[in-house]
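# Model the following, please.
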Amino acid sequence: MQYSENNGIAAFRSRQQVMRFDSALRRAGIHSEIVSTPRDVSIGCGLSVAFDLRDTAAVMDTYRRSRPGNLIGFYEVIRAPGQRAQVMPLNMGG
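Residues are numbered from 1 along each chain as shown. Predicted structure coming up:
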């Protein structure tokens with residue numbers, strides 16, 4: 001998966017939690033990738049778990065079941081060619 005346009009990320013305070021959540025997503029059959037956390041999410045360990053926004057419901061379900069802890073938040077990352085990525089909290093309602 002190429003994270004070059006829009007995607008979701010889960011940011012954590014601990015690299016161990018990043019690895020644990022990435023593993024839980026893969027066990028659930030959800031494609032994910034460990035990526036550098038965007039600058040706009042300045043707190044944390046520097047790594048996040050990226051996922052396709054179309055998988056958001058399954059990602060949230062996996063998070064609720066696995067409870068990896070130390071979550072900073074879920075974000076939507078929007079990338080436009082030639083521009084810095086925009087990061088905003090992921091809308092969880094729906």
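# where are the low-confidence patches of this structure?
Within the chain, the ranges that satisfy pLDDT under 70 run 1-5, 42, 92-94.
# one more time with 90, if that's ok
1-6, 37-46, 67-70, 78-88, 90-94 (pLDDT under 90).
# Please, where are all the strands along it?
Remark: strands assigned in the chain by DSSP state E are 6-12, 32-36, 47-51, 71-78, 86-89.
# quick one: buried residues of the top helix by length along the chain?
Assignment by DSSP state H gives helix 15-27 as the longest helix of the chain. Across helix 15-27, burial judged by 16 or more other C-beta atoms under 10 Å covers 17, 18, 20, 21, 22, 24, 25. C-betas here are computed from N, CA, C, even on glycine.
# Can you name the residues that contact residue 53?
6, 7, 8, 76 (C-beta atoms under 8 Å, 6 or more residues apart in numbering).
# Kindly report the same for residue 37.
With contact set as C-beta under 8 Å, 6+ apart, residue 37 has these partners: 9, 11, 44, 45, 46, 47, 48.
# next one: residue 89
By C-beta under 8 Å, 6+ apart, the contact list for residue 89 reads 73, 74, 75, 76.
# try it again with 6 Å
residue 75 (C-beta atoms under 6 Å, 6 or more residues apart in numbering).
# again, but for residue 59
residue 51.
# just residue 10 next, same as before
For residue 10, the contacting residues are 21, 49, 74, by C-beta under 6 Å, 6+ apart.
# Good, wrapping up.
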